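# Mind folding the following:
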Amino acid sequence: MEIARKIRVVFKDRLIATFAILALLLQLAAWTLFLLRKVNYSELSVVHTNIYLGIDVLAHWLWLFLIPIGALAISIFDSALAIYLWTRNRLWTYYLILSVFFLNFLTFLYLYHILNFNLA
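Residues are numbered from 1 along each chain as shown. Have a look, this model is predicted:
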């Protein structure tokens, strides 16, 4: 019960609520994109590219799950820590929620671009 009350108090701040909702929407968009795109389930899939070498990491297609799962775990941990730190230090709460937003934004961009290489 106390956790729900704490979450309501934290989300009364407009900046926190805005970036938390945007981060949640980006996380949902990334998972939707990831699960709805048809991926080539072959032994080797493109996992990483860069502008200098092009495709530089090939791995089994299951490794494509690593980035979205990691981003989800970090987002949950950072959000819980932000809610915990709200009464102690609000600056850290702002920093953590903004980092969750940027993490989810970069995860969405990564998945969008990497899945274009792995289309069936």
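
# What about residue 114, how many residues nearby?
Residues near residue 114, counting by other Cβ atoms under 10 Å, number 18. Where C-beta positions appear, they are placed from N, C-alpha and C, glycine not excepted.

# List the contacts of it.
Contacts for residue 114 (Cβ atoms under 8 Å, 6 or more residues apart in numbering) come out as 46, 47, 48, 49, 64.

# rerun at 10 Å
Taking Cβ atoms under 10 Å, 6 or more residues apart in numbering, we find residue 114 in contact with 34, 39, 45, 46, 47, 48, 49, 64, 67.

# cool, and residue 6?
The contact partners of residue 6, taken as Cβ under 10 Å, 6+ apart, are 83, 84, 86, 87.

# Which of the three states applies to it?
Using DSSP: H, G, I helix; E, B strand; the rest coil, the structure places residue 6 in helix.

# repeat for the one 10 residues further on
On the three-state scheme (three-state DSSP), residue 16 is labelled helix.

# what pLDDT does the residue nearest to it when sequence neighbours are not counted get?
The shortest distance from residue 16 to any residue other than its chain neighbours is 5.4 Å, reached at residue 97 (Cβ to Cβ, 6 or more residues apart in numbering). In the predicted model, residue 97 carries a pLDDT score of 94.

# How far off centre is the helix or strand in which residue 97 is found?
Taking DSSP states H and E as the criterion, residue 97 maps to helix 90-117. Distance, stretch centre to chain centre, for helix 90-117: 5 Å (Cα atoms, centre = their mean, to the nearest Å).

# doesn't residue 92 make contact with residue 16?
No - with contact defined as Cβ atoms under 10 Å, residue 16 does not reach residue 92; the gap is 11.8 Å.

# I'm done for today, thanks for sticking with me.
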